[in-house]
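# only geometry, no sequence info:
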Ligand code: NAD
């Protein structure tokens with residue numbers, strides 16, 4: 001049971017944690033913290049938070065669990081703000097989509113990765129943002145990756161694992177490096193491609209017509225281009241090195257695909273499409 005949970009950044013991710021913990025009756029008080037008054041008022045109306053403040057230092061007072069769910073670009077500032085205000089037995093975790101940058105932020109603020117900090121990332125989300133987007137079942141049967149370091153206190157780790165299990169999630173632990181490589185491929189690259197495809201089509205002269213006749217495939221492929229641009233800018237910059245490697249590799253593959261098409265290489269195209277279909281069908285069978 002978490003007695004007092006402080007959520008810094010009460011959006012889709014932070015708000016859904018609160019709703020899920022409330023549903024499983026595993027949390028007492030929830031204090032929210034953010035910049036937008038309108039969003040915090042809404043969070044209170046929706047029963048996500050019991051009270052709120054705009055000051056992270058005030059939010060963590062008396063908290064036994066602190067969840068940082070702000071965009072990655074706001075992590076370092078938030079860590080500095082709470083630095084001298086955390087209760088001695090508080091556990092702090094985060095939900096940031098890149099782990100190397102959070103580790104770096106901790107090192108800048110604390111000179112080390114404190115033992116009471118458990119870096120985390122729920123592999124769940126939607127393209128919507130803000131408290132209004134939060135829902136209790138977001139994490140049900142979804143995976144949460146934790147990337148404890150050699151310094152992480154085992155009790156802090158098990159309290160964070162427990163919190164996510166109470167939200168309905170399954171836990172996987174891996175290294176920071178491995179997390180950032182995998183997520184560059186499976187999440188950050190697809191978001192880059194969706195943003196870039198929609199942007200390049202929108203800049204074509206006849207874009208009205210293109211979007212008017214766009215069907216289900218376009219909708220499926222581009223859904224994630226409706227995601228929060230600030231959050232995604234932060235994620236891409238935070239994972240710049242690994243994402244650039246993936247993007248360059250993918251650009252090479254795209255050039256090869258273009259050459260296959262230009263050459264009218266029917267067998268070559270079929271091989272690529274069949275390989276892709278088999279891989280996706282295997283993946284879908286695995287998750288359903
Ligand atoms: P969101 O936009 O829904 O919520 C973020 C909240 O943080 C907003 O309410 C915003 O007002 C607040 N905020 C922004 N800057 C702040 C600051 N300096 N101080 C206090 N509050 C601030 O975003 P989200 O989808 O909930 O994402 C939150 C975090 O979770 C991000 O780090 C993101 O990388 C990560 N994440 C997102 C997803 C996803 O699919 N949306 C999935 C997994 C992890």
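Cool, got the structure. What you see is a predicted model; the values in this text were computed from it and never measured.
# contacts and neighbour counts: CA atoms only from here.
Noted.
# which secondary structure element contains residue 92?
Assessed by DSSP states H and E, residue 92 sits inside strand 91-94.
# now that strand: mean pLDDT?
Strand 91-94 shows a mean pLDDT of 98.
# and if you look at stretch 181-190?
The model assigns stretch 181-190 a mean pLDDT of 97.
# Find out how far that stretch is from the centre of the chain, if you would.
On the basis of CA atoms, centre = their mean, to the nearest Å, stretch 181-190 sits 11 Å off its chain's mean C-alpha point.
# Is there proximity between it and the ligand?
No - for stretch 181-190, no contact with the ligand is found by CA under 6 Å from any ligand atom; the gap never falls below 9.3 Å.
# Next to the ligand in this structure, residues from the stretch 101-250 of the chain, please.
121, 122, 123, 124, 125, 126, 129, 130.
# So which residue is smack in the middle of this protein?
residue 97 (3.9 Å; CA atoms, centre = their mean).
# would you say that residue is within a strand?
No - read with DSSP: H, G, I helix; E, B strand; the rest coil, residue 97 is coil and lies in no strand.
# number of nearby residues for the closest residue to it other than its chain neighbours?
Excluding the flanking residues, the one nearest residue 97 by CA to CA, 6 or more residues apart in numbering is residue 121, at 5.8 Å. When neighbours are defined as other CA atoms under 10 Å, residue 121 has 22 of them.
# Show me what the helix or strand harbouring residue 121 is packed up against.
Taking DSSP H and E as the definition, residue 121 sits inside strand 120-123. Counting contacts by 3 or more CA pairs under 8 Å, 6 or more residues apart in numbering; DSSP states H and E, strand 120-123 packs against strand 91-94, strand 143-146.
# picking up where we left off before, output the contacting helices and strands for the strand holding residue 92.
Strand 91-94 packs on strand 65-68, strand 117-118, strand 120-123, helix 154-166, going by 3+ CA pairs under 8 Å, 6+ apart.
# for the next helix or strand after that strand, the distance to its chain's centre please.
Next helix or strand after strand 91-94 toward the C-terminus (DSSP H and E): helix 100-110. Centre-to-centre, helix 100-110 and its host chain are 17 Å apart (CA atoms, centre = their mean).
# about what we covered before: quick one, grab the pLDDT at the residue nearest to residue 97.
On the pLDDT scale, residue 121 is placed at 98.
# which stretches of this structure form helices?
Under the criterion DSSP state H, the chain contains helices at 12-23, 37-45, 56-59, 75-82, 100-110, 154-166, 176-183, 189-202, 207-212, 216-222, 229-238, 240-262, 266-287.
# Which other helices and strands does the longest one contact?
Read that as helix 240-262. helix 176-183, helix 189-202, helix 266-287.
# Identify whichever of those helices lies nearest to residue 250.
helix 189-202 (8.8 Å; CA to CA).
# Using neighbour counts, pick out the buried residues of that closest one.
189, 190, 191, 192, 193, 194, 195, 198 (16 or more other CA atoms under 10 Å).
# ok, now stretch 217-237?
Neighbour count says stretch 217-237 has 222, 224, 225, 227, 231, 232, 234, 235, 236 buried, by 16+ other CA under 10 Å.
# Likewise for stretch 237-252?
By neighbour count with 16+ other CA under 10 Å, stretch 237-252 contains the buried residues 238, 239, 242, 243, 246, 247.
# So the chain: which segments form each domain?
2-174, 178-284 (automatic domain parsing).
# So which of the ones you listed is the most surrounded?
Comparing the domains of the chain by mean neighbour count (mean count of other CA atoms under 10 Å), domain 2-174 ranks first with a mean of 20.
# now do the same end-to-end measure for that one.
Start-to-end span of domain 2-174 (CA to CA, to the nearest Å) is 25 Å.
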